[in-house]
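> here is my input, please return the structure:
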Amino acid sequence: MSVDVATTKRPPSRLLMLAVRVRRANMFLVLLFALLVGLSVGAIMIIVTTPTLLNSWGSFFSHPGGTISENFNTLWFAYEQIFEGSLVNFHALRVVIDHPSQANLAVVLGPISLTLQYATPLIVAALGLAIGFRSNLFDIGGQGQVIAGGLLAGLIGFSLHLNPLLQISLELVGAMVAGALLASVAGVLKAYTGAHEVIVTMMCNYIMVLFMGYLLITNLYARPGVKDGASKAVTPSGQLPFFFSHLSPNLLVNYGFVIALAMVFVVQWFFNRSKTGFELLMVGQNGEAARTAGINAKRTTIITLCLAGAFCGLAGMLELTGVDHFLSPNFGGSYGFDAITVALLGRNKPWGVFFGAIFFGAMYAGGEAMQAFTPTNIQYSLAQVIQAVVVFCVATPALIIEIFRLTDNERFRASGAAGGWAK
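Modelled structure (predicted):
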C-alpha cells in the first residue's frame, strides 16, 4: 500500500514554532515596541529641535558619515543620560568599586533614589484611580484629593508631637479619610442624582486648589508672622524617614515607597480575593448583570469613589511627609493628572500601575539629567514626548500590532480595545 508523499504533512520545525510564538501579540511585546516607537519619535524630535543637528543634514551628501556620526553620538549620549540619570551611572559604579566610600555609594544610589522618589506618590494615586476605572467610574479629581490628603496630613503633622509611629499612622489615616470624603461627594451625587462623576470630580479640583490657597494664609496653616503662601513644617516626628539618610541628605527615597509597594499587594488582594472587589469588577464589566445578581449599584458606586479618593489622599500624605515637609500653592504638582496616565499605561492592573509609575519616575529623573548634561542642552520636555508616545501606543495596542505585523490574539485585542479604562 503506497502513501502519497505529496499529501503527507510534515510537522512544523521548532524554529518555525518559535518564530510564530515570538510574533504572537502579548503585553510584553506591546510594551517593548511601544518603547521603541517612543524612543524613535524622541530621536526625531531631538534632531529637529537641536539647531546643530538640524544644520548638519545640510552637508549630508558631501559628508554623510560625519552627519550620521554626529547625530548618532548626540542621540546616544542623550539616551545614555536618561538611563544613567534614572537608574544607574556606570562611571560612578566603577568609582565606588575601585574606591568604596559612603560619598561614592551615595552618588551611585542618586539616580534610582530620584526615580523612586518621583514614582512613590504616583503608584498610590494611580492605584486609586485604577480601582475606579475598572468599575467604569472615571475619577478625574485625583488632584483635589491629593491636596485634601495633604491638607489634613499637614495639619496633623505640624500640630502634634507624638511618637513617630503613632503620628505617621494618624497622618496616613487622616489623609485617606480626607481624600475619601472629598470623593464621596461625587459618589453620592452619582448614586442618587445621576450627576456625572467626571464633572463633579473635576470641579472639586478647582475648589480644593482655591481652598488650599485660602488656608495657607490663615493662622491655622501659615507660619507665625509670615504669610507668604508656605505652611508650617511637619514636625520631625511626623516625617517619613529616609532609607539612605546616613549616606547623604540628598537621597530622598523614603519609607513611603514601602507603603506604596504594600498598597500594590493590598489592591491585588482586594480584586482577587475580596467580595467587595468582585462586586466592583462585576459592576464595571456588566452593570445590568450585576444588578440582576443583587449587587447594590448605588452602594458600589460610593465605595468605589471613596476608595479612589482614599488612595489619592494617601499619595498627598506621602508627598508631604516624605519629600516636601510643608505645603505651598503648588503642592501636589501634577500627580493627580499624571496618575490617570499611569493607570492607563498599567492597564488598571496593580503591578502594571507599579511599573508604569516607575517608568514615569525614570522619565522625570532621566529627563532632568538629559537637559543638564548634554552639550546641546536638549530640553527636558522631550522626555515627556517619549512618555506620551509610549502611553499612546500602549493605549492603542492594535496600532502596534499593525505596525510590527504581530499575530493578532483576539483576546488581547478585545482587552485592549475595550478601553484601557474598564478592563
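
> ok, and the closest non-adjacent residue to Pro329?
In space, and not counting its chain neighbours, Pro329 is closest to Gly229: 5.1 Å by Cβ to Cβ, 6 or more residues apart in numbering. The C-beta positions use only the backbone N, C-alpha and C, and glycine is treated the same way.

> give me the below-cutoff pLDDT ranges for the stretch 51-200 of the chain.
The model of the stretch 51-200 of the chain has no residue with pLDDT under 70.

> may I see the buried residues of the one helix or strand Leu261 maps to?
Here Leu261, judged by DSSP states H and E, is contained in helix 256-273. Across helix 256-273, burial judged by 16 or more other Cβ atoms under 10 Å covers 256-257, 259-260, 263-264, 267-268, 270-271.

> over to stretch 90-99?
92, 95-96.

> next one: stretch 62-72
Neighbour-count burial for stretch 62-72, counted by 16+ other Cβ under 10 Å, picks out 67, 70-71.

> one more: stretch 186-202?
Buried residues in stretch 186-202 (16+ other Cβ under 10 Å): 186-191, 197, 200-202.

> try stretch 150-160
For stretch 150-160, a neighbour-count test (16+ other Cβ under 10 Å) marks 150-158, 160 as buried.

> between those, which is closest to Gln239?
The nearest member of the buried residues of stretch 150-160 to Gln239, counting by Cβ to Cβ, is Gly157 at 7.7 Å.

> from the contact counts, what lies against the helix or strand encompassing the closest one?
Remark: Gly157 resides in helix 142-159, with elements defined by DSSP H and E. Packing contacts for helix 142-159, counted by 3 or more Cβ pairs under 8 Å, 6 or more residues apart in numbering; DSSP states H and E, involve helix 102-134, helix 164-193, helix 197-215, helix 297-319, helix 335-345.

> give me the number of residues near the closest residue to Phe271 other than its chain neighbours?
Among residues not flanking Phe271 along the chain, Gly277 sits closest, at 4.3 Å (Cβ to Cβ, 6+ apart). Other residues near Gly277 come to 19 when the count uses other Cβ atoms under 10 Å.

> for Gly277, which three-state class applies?
Following DSSP: H, G, I helix; E, B strand; the rest coil, the label given to Gly277 is helix.

> I figured it was touching Val283, is that so?
No - Gly277 is beyond contact range of Val283, at 10.9 Å (criterion: Cβ atoms under 8 Å).

> buried residues, the helix or strand where Ala372 lies. List them.
In this assignment (DSSP H and E), Ala372 forms part of helix 350-373. For helix 350-373, the neighbour count (16+ other Cβ under 10 Å) marks 350, 352-371 as buried.

> counting by contacts, list what the helix or strand that it is followed by packs against.
Once the chain leaves helix 350-373, the next helix or strand it forms, by DSSP H and E, is helix 381-395. Contact here means 3+ Cβ pairs under 8 Å, 6+ apart; on that basis helix 381-395 packs against helix 27-49, helix 335-345, helix 350-373.
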